[in-house]
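Trainee: no sequence for this one, just the structure:
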Ligand SMILES: NC(=O)c1ccc[n+]([C@@H]2O[C@H](COP(=O)([O-])OP(=O)(O)OC[C@H]3O[C@@H](n4cnc5c(N)ncnc54)[C@H](OP(=O)(O)O)[C@@H]3O)[C@@H](O)[C@H]2O)c1
């Protein structure tokens, strides 16, 4: 089984690449940095550079003769108010979190079709279902990833290519440290709301589940004959997603504002 995972140099991507390698899969990581002590082959690649991605896919296909699984995992966050977010960073998060997901998926289809099918697993987030203030761009991109998985999944179903979006909740990784923070985290309008919201989210993430919990869900998804279109990781987060579906939107937004607003 040939698996490609983007963002395999740290966190969920690194844990998953190592875990799947241990399970006997041939794993290729695509990230800009090369991880130390990895058990898999990491190809240095900025996934927002589409020519570079195609070149790596061609290289893997020529070497292996097939590509079975693509895991679109690379991602970033932005913390702060939209009003204070630089356009350059807004562009960056959309380029990485959604446009690169669309592009990598689009590019891998011919290779999967040639092999009779495959799986594309997109790492979304519970923040794609629950709107998180002061992480608004992140929520928007992750919600888009979830919708992309469903709609594109219907386009390529006839080629036996299955799409799944996996939604982890808070996970301990380098995500907190890698997140872009706005320069302005307080002003006379927002007062201390932004900082206290960011503190809350950072605290939750640092106490979050191990990346291996997500790796195990990814492994199960690969092994399933028919993978579901969306999976939430962790009991508490499953409950939150379920409640968000059944509770009135007004009430849900009230609770989120109390916690993060
Ligand atoms: N941690 C959480 O609480 C959490 C919760 C839900 C969902 N997620 C999602 O899980 C995924 C993995 O996050 P993580 O927690 O493992 O964070 P992380 O430790 O910060 O890992 C991010 C990965 O993305 C890669 N990356 C960033 N920009 C890239 C680019 N231009 N080209 C190629 N690779 C790039 C990084 O590698 P390089 O810097 O080497 O390129 C790194 O390997 C993300 O999509 C995130 O949104 C995380």
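Mentor: Arrived safely. All figures in this text were calculated on a predicted structure; none of them were measured in a lab.
Trainee: how near is the residue in the stretch 51-200 of the chain that the ligand sits nearest to to residue 251?
Mentor: The nearest approach of the stretch 51-200 of the chain to the ligand comes at residue 75, 2.3 Å away (CB to the nearest ligand atom). (Glycine included, C-beta is placed from N, CA and C.) Separation of residue 75 from residue 251 (CB to CB, to the nearest Å): 29 Å.
Trainee: Could you do residue 215 as well?
Mentor: 35 Å.
Trainee: who's more crowded, those two?
Mentor: Neighbour count, other CB atoms under 10 Å: between residue 215 and residue 251, residue 215 has more, with 23 against 10.
Trainee: For that one, give me its contacts.
Mentor: 12, 15, 16, 19, 20 (CB atoms under 8 Å, 6 or more residues apart in numbering).
Trainee: report the longest helix in this structure, please.
Mentor: Ranked by residue count, the top helix of the chain under DSSP state H comes out as helix 136-156.
Trainee: which residues does residue 85 contact?
Mentor: 78, 137, 182.
Trainee: which ones are touching residue 242?
Mentor: If you count contacts by CB under 8 Å, 6+ apart, residue 242 has none.
Trainee: Recalculate using a threshold of 10 Å.
Mentor: Neighbour list for residue 242: residue 232 [criterion: CB atoms under 10 Å, 6 or more residues apart in numbering].
Trainee: Which residue of the protein lies farthest from its centroid?
Mentor: Farthest-out residue of the chain from its mean C-alpha position, per CA atoms, centre = their mean: residue 188, at 34.2 Å.
Trainee: Just the pLDDT at that one, thanks.
Mentor: Reported pLDDT at residue 188 in the predicted model: 92.
Trainee: what's the burial count for residue 172?
Mentor: Count around residue 172 with other CB under 10 Å applied: 16.
Trainee: now swap in the one 4 residues further on and tell me
Mentor: For residue 176, the number of neighbouring residues by other CB under 10 Å comes to 19.
Trainee: Over to residue 7?
Mentor: So residue 7, with other CB under 10 Å, has 26 neighbours.
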